[in-house]
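[1] Quick check, what structure comes out for this input:
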Amino acid sequence: MDYHLKVKLLHQDAQLPQRANLGDAGLDLFSIEEKVIAPGEAELIRTGISIELPHGTEAQVRPRSGLALKHAVTVLNSPGTIDEGYRGEIKVILINHGKKAFKVEKNMRIAQMVIAPVASVVVSRVEALTDSERGEGGFGSSGLTRFN
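    As a prediction, the model looks like this:
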């Protein structure tokens, strides 16, 4: 099923989100500004776009693997969720985990956005839950981890 994503350009330097390759899950998001992110610091980067998501979907903002590998720069609240009703500018929180300052340049691909369906649920209070094989096993319960 094809969804229709409506995009409004809010700035003269804004670019439409786009796939780098046919079949890619993520649409690249582009910076409209230059900023330097110091090591250990985070910055809010503007994209100059707003979107209207199809009914029953969300947009997930995710890191770009190349920025993570080459520069240790990633999306801080990954994946960031953009709700269906949000109409403001899309902004991306980037954090520099590297040892050197990182310069975000105008028109740089800074993140990717994946459009995904969202299940509609009815929340109900109950006194008990059904048993499962996993039960209350939490962190590390399915294998050896450093927290065991």
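[2] CA atoms only: put the helix or strand where Ala116 lies into PDB for me.
    Using DSSP states H and E, Ala116 sits within strand 109-117. Only the C-alpha atoms of strand 109-117 are listed here, as PDB (Å, rounded to 0.1, in the frame of the first residue of the first chain):
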ATOM      1  CA  ARG A 109      22.000  14.500   5.000                       C
ATOM      2  CA  ILE A 110      21.700  14.500   8.800                       C
ATOM      3  CA  ALA A 111      19.100  11.700   9.500                       C
ATOM      4  CA  GLN A 112      16.600   9.500   7.900                       C
ATOM      5  CA  MET A 113      12.800   9.400   8.300                       C
ATOM      6  CA  VAL A 114      10.800   6.200   8.100                       C
ATOM      7  CA  ILE A 115       7.000   6.300   7.800                       C
ATOM      8  CA  ALA A 116       5.400   3.500   9.700                       C
ATOM      9  CA  PRO A 117       1.800   2.400  10.500                       C
END
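[3] Next, the buried residues of that strand.
    For strand 109-117, the neighbour count (16 or more other C-beta atoms under 10 Å) marks 109-113, 115 as buried. (C-beta placed from N, C-alpha, C; glycine too.)
[4] what does that strand contact?
    By C-beta atoms under 8 Å, 6 or more residues apart in numbering, the list of residues contacting strand 109-117 from outside reads 3, 5, 17, 20, 25-31, 45, 47, 53-54, 56-64, 67, 75, 79, 82, 90, 92, 94, 104.
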